[in-house]
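Peer 1: model this:
(chains A and B)
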Amino acid sequence: AQTVTQSQPEMSVQEAETVTLSCTYDTSESNYYLFWYKQPPSRQMILVIRQEAYKQQNATENRFSVNFQKAAKSFSLKISDSQLGDTAMYFCAFMNWGHSGNMLTFGGGTRLMVKP
Amino acid sequence: DAGVIQSPRHEVTEMGQEVTLRCKPISGHDYLFWYRQTMMRGLELLIYFNNNVPIDDSGMPEDRFSAKMPNASFSTLKIQPSEPRDSAVYFCAIKNGDTGELFFGEGSRLTVL
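Peer 2: Numbers count the residues shown, from 1 in each chain, chains lettered A, B, ... in the order given. A predicted model of the protein is given here:
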């Protein structure tokens, strides 16, 4: 079974600064997806960024980027120019590739507070 | 755009009562998932369907929990009888087969007194 670990239960950052959220995972599979989801106080789960394991290039979406280290099984999220609206819970998630791998396994989450 | 409508948004009930949570996908999909979120256990997969057929229900905590998907546009999660420890937010999500991404509904917050 896959496991996803987020070692930082809470983090804070000043507005406009950069913050990095950590995520590690454990799997014996070679092909899979990794995701970061954001859950603001409204509790809606919103996809922030996704990465296919076969791609060596790190995914980037505007102010959000990842550092994907496949050998180390690490998938950190960097938020640049933090905004107050980035305040939320952030969940790292893993999904196997292929027919049998349809379940999304979540980490425990990191609560991020962006301070003005 | 993919989307999922869940109802009710909030429900408060008394222990022993039956609870039915509803999910309506409003776009095409092959897979539908039910997740539960609590402070203690985080996000847990309860059950998922492929083409309306239950594939894995190993996450369903007890026989008190049941889920159905009579057609591609509707699914229910039922708890009978409910207990205070069932209090949680229940999410329905559908999967985009091309990207692997899951699209979540806004969740149903259940409180069992």
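Peer 1: got a list of what the closest residue to A:Asn102 other than its chain neighbours touches?
Peer 2: Among residues not flanking A:Asn102 along the chain, B:Tyr31 sits closest, at 5.5 Å (C-beta to C-beta, 6 or more residues apart in numbering or on different chains). C-betas here are computed from N, CA, C, even on glycine. The neighbours of B:Tyr31, taking C-beta atoms under 8 Å, 6 or more residues apart in numbering or on different chains as the test, are A:102, B:48-50, B:94-95, B:97.
Peer 1: can you flag which of these belong to strands?
Peer 2: Under the assignment DSSP state E, the contacts of B:Tyr31 contribute B:48-50, B:94-95 to strands.
Peer 1: what about B:Met60, distance to chain A?
Peer 2: Applying C-beta to the nearest C-beta, to the nearest Å, the value for B:Met60 to chain A is 14 Å.
Peer 1: look at that residue and say how many residues are nearby.
Peer 2: Number of residues near B:Met60 (other C-beta atoms under 10 Å in any protein chain shown) recorded here: 18.
Peer 1: show me what contacts the spatially most central residue of chain B?
Peer 2: Residue closest to the mean C-alpha point of chain B, counted by C-alpha atoms, centre = their mean, is B:Trp34 at 3.3 Å. Taking C-beta under 8 Å, 6+ apart as the criterion, B:Trp34 is in contact with B:23, B:45-48, B:67, B:75, B:77, B:90-92.
Peer 1: and which of the contacts of B:Tyr31 is nearest to A:Lys78?
Peer 2: Among the contacts of B:Tyr31, B:Lys95 lies closest to A:Lys78 (C-beta to C-beta), at 26.7 Å.
Peer 1: what's the helix or strand of chain A with the lowest mean pLDDT packed up against?
Peer 2: None of the helices or strands of chain A scores lower by mean pLDDT, DSSP states H and E than strand A:104-106, at a mean of 91. On a contact count with 3 or more C-beta pairs under 8 Å, 6 or more residues apart in numbering or on different chains; DSSP states H and E, strand A:104-106 meets strand A:3-5, strand A:88-96, strand B:42-50.
Peer 1: how about A:Arg43, nearest residue that isn't a chain neighbour?
Peer 2: Of all residues not flanking A:Arg43 in the chain, B:Gly107 sits nearest, at 5.3 Å (C-beta to C-beta, 6+ apart).
Peer 1: shaky segments in chain B?
Peer 2: Applying pLDDT under 70 to chain B picks out residues B:1-2, B:97-98.
Peer 1: what does it put close to chain A?
Peer 2: Within chain B, the positions near chain A by C-beta under 8 Å from any C-beta of the partner chain are B:31, B:33, B:42-43, B:45, B:48, B:50, B:55-56, B:89, B:91, B:93, B:95, B:99-104, B:106-107, B:109.
Peer 1: just the buried subset of these, please.
Peer 2: Neighbour-count burial (16 or more other C-beta atoms under 10 Å in any protein chain shown) is assigned, among the residues of chain B next to chain A, to B:31, B:33, B:42-43, B:45, B:48, B:50, B:56, B:89, B:91, B:93, B:95, B:100-104, B:106-107, B:109.
Peer 1: neighbours around B:His10, how many?
Peer 2: When neighbours are counted by other C-beta under 10 Å, B:His10 comes out with 11.
Peer 1: please apply the same query to A:Glu17.
Peer 2: 12.
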